[in-house]
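> Fold the following, please.
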Amino acid sequence: METVTLKRTNSDNPDFRVLVTKLDADLRSRNGDMMDFYDHHNIIEKNDTIVIAYIDDTPAGCGCFKPFDQESIEVKRMFVEPDARGNGISKIVLNELESWAREIGFKFAVLESASKQIEAHNLYHKSGYERIENYAPYVDLPYSFCFRKTL
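Numbers count the residues shown, from 1 in each chain. Predicted structure coming up:
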């Protein structure tokens with residue numbers, strides 16, 4: 001496996017912006033029109049808890065979190081470049097997000113993933129997340145799966 005390095009940064013990072021644009025295109029190609037609902041929930045205006053994974057100095061994946069409630073964070077914008085998939089990058093990014101959240105005092109992580117993101121569901125299950133009832137704004141959406149983990 002090539003050298004993977006992580007960078008904690010914020011949403012102004014140009015590498016993050018490029019990766020998120022690719023994530024949005026990937027989600028649109030997989031999920032089609034259902035993204036019309038999701039798109040406005042995926043906007044990251046300002047966030048200081050971004051993790052970017054680099055393979056040999058090339059941005060390969062990202063993720064971030066935001067406060068969900070006083071004890072929980074919500075994991076958002078998880079993405080790995082197609083050429084970098086299969087190298088464990090999503091797990092490395094997720095672990096770093098969880099560590100960072102614990103460092104600043106959060107006890108739980110929640111996240112939402114669309115029903116067609118099978119690879120993501122496998123990652124979350126293997127990482128200790130359990131499926132929960134959908135939280136707002138995903139309540140009553142049959143194509144949304146919500147998960148929770150104790151950090």
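
> Setting the sequence-adjacent residues aside, check what's closest to Ser144.
Setting aside the residues directly before and after it, Ser144 is nearest to Tyr138 in space (Cβ to Cβ, 6 or more residues apart in numbering), at 3.9 Å. The way it works is simple: take the backbone N, C-alpha and C, and place the C-beta from them, glycine included.

> Roughly how far does Asn13 sit from Phe68?
22 Å (Cβ to Cβ, to the nearest Å).

> cool, and Val110?
Per Cβ to Cβ, Val110 is found 5 Å from Phe68.

> With Gly105 instead?
Gly105 is 13 Å from Phe68, by Cβ to Cβ.

> So which elements touch the longest helix seen in the chain?
When the chain is parsed with DSSP state H, its longest helix is helix 14-31. Applying 3 or more Cβ pairs under 8 Å, 6 or more residues apart in numbering; DSSP states H and E, we find helix 14-31 packed against helix 35-38, strand 50-55, strand 58-67, strand 72-80, strand 108-114.

> what mean pLDDT does the first one have?
Helix 35-38 shows a mean pLDDT of 54.

> How about stretch 68-84?
For stretch 68-84, the mean pLDDT works out to 96.

> end to end, how far does that stretch reach?
Across its full length, stretch 68-84 reaches 30 Å between end residues, using Cα to Cα, to the nearest Å.

> same deal with stretch 8-17?
End residues of stretch 8-17 are separated by 14 Å (Cα to Cα).

> I'd assumed Val110 was in contact with Ile73.
Yes - if you go by Cβ atoms under 8 Å, Ile73 and Val110 touch, sitting 7.5 Å apart.

> neighbour count winner among these two?
Applying other Cβ atoms under 10 Å to Ile73 and Val110 shows that Ile73 carries more neighbours, namely 25 against 18.
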